[in-house]
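Student: kindly generate the corresponding structure for this input.
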Amino acid sequence: MPSLISHLSKAQQNVLFKQLYYLNIEEYTELCTKFSIPISIFIKLPNGKLKKTIDKDRKGVILKKLKDYISTGRTQKPTVLSSKIVKPLKGSSALTPDSPIFYGTYDRNDTRLWKLLSELTNGKFKDGAIARHVIRDFWTKGKAPSVKQFAKAWEKAIKDHGKPKPEWAYLTDLVSGMTQKDWKSYRVKQSKAALKILNGL
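Tutor: Predicted coordinates:
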């Protein structure tokens, strides 16, 4: 299929791509429904069948799928995780630095895990966008990292994190000096401009 935005100039397309970052979860979810873009995460069972989870792709992944679709007309496949990263029905409940963090077990209410992560990072560990980005990357690659591996990867991600990712529009703009009040009206203006084009495709 051809690009859905071929009628826009290159400059207009670049502006649209930047405006996508200002869409909120309701807005980009509706667009994905409109364009039949899969955003649910599936688990591939040992028998080869796919089981839909309650989770959705991260915003950055969803916006990339949306951008690819309107640029090429092609719909990407859904995110499928290996059954190897899902917690077995039976297993030890003990938690050590070598214990794997299976899909679905990364829970901020798990005080044992949070305490261990804090110990492994000298009290620095904090749950947030970076932490969830790191753990999702492990799972997407078909690996359930040990607590120690995750803590180390998180520390590296924090060290390498020079500025917010583009899809974190709010943080990006605040870092550049925009106030919270200004940002709210600016977000609405940018998202409306993007939606006007996308809903007309």
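
Student: point out the other helices and strands that the top helix by length along the chain packs with.
Tutor: Among the segments of the chain that qualify as a helix by DSSP state H, the longest is helix 180-198. Contact here means 3 or more CB pairs under 8 Å, 6 or more residues apart in numbering; DSSP states H and E; on that basis helix 180-198 packs against helix 10-19, helix 25-34, helix 169-175. Placement of C-beta: from N, CA and C, glycine included.

Student: how far is that helix from where the chain is centred?
Tutor: For helix 180-198, the separation from the chain centroid amounts to 21 Å (computed by CA atoms, centre = their mean, to the nearest Å).

Student: now it against helix 25-34, angle please.
Tutor: For helix 180-198 against helix 25-34, the angle by axes from the mean of the first three to the mean of the last three CA atoms, to 10 degrees is 10 degrees.

Student: put the alpha carbons of helix 180-198 into CSV.
Tutor: These are the backbone C-alpha positions of helix 180-198, laid out as CSV (Å, rounded to 0.1, in the frame of the first residue of the first chain):
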residue,chain,number,x,y,z
GLN,A,180,3.1,23.1,33.3
LYS,A,181,0.2,25.6,32.6
ASP,A,182,1.6,26.5,29.2
TRP,A,183,2.3,22.9,28.3
LYS,A,184,-1.4,21.8,28.8
SER,A,185,-2.7,24.2,26.2
TYR,A,186,0.2,23.5,23.9
ARG,A,187,-0.4,19.8,24.1
VAL,A,188,-4.1,20.2,23.1
LYS,A,189,-3.1,22.5,20.2
GLN,A,190,-0.5,20.0,18.9
SER,A,191,-2.8,16.9,19.3
LYS,A,192,-5.7,18.7,17.6
ALA,A,193,-3.6,19.5,14.6
ALA,A,194,-2.4,15.9,14.3
LEU,A,195,-5.9,14.5,14.8
LYS,A,196,-7.3,16.8,12.1
ILE,A,197,-5.0,15.2,9.6
LEU,A,198,-5.1,11.6,10.8
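
Student: for stretch 96-103, which positions count as buried?
Tutor: 99-103 (16 or more other CB atoms under 10 Å).

Student: just give the nearest non-adjacent residue to the residue nearest the centre of the chain, would you?
Tutor: The centre of the chain sits closest to R58, judged by CA atoms, centre = their mean, with a distance of 1.9 Å. The spatial neighbour of R58 that comes closest, neighbours along the chain excluded (CB to CB, 6 or more residues apart in numbering), is R136 at 6.1 Å.

Student: ok, so of the buried residues of stretch 96-103, who is nearest D127?
Tutor: Compare each of these with D127 using CB to CB and the shortest gap goes to I101, at 12.6 Å.
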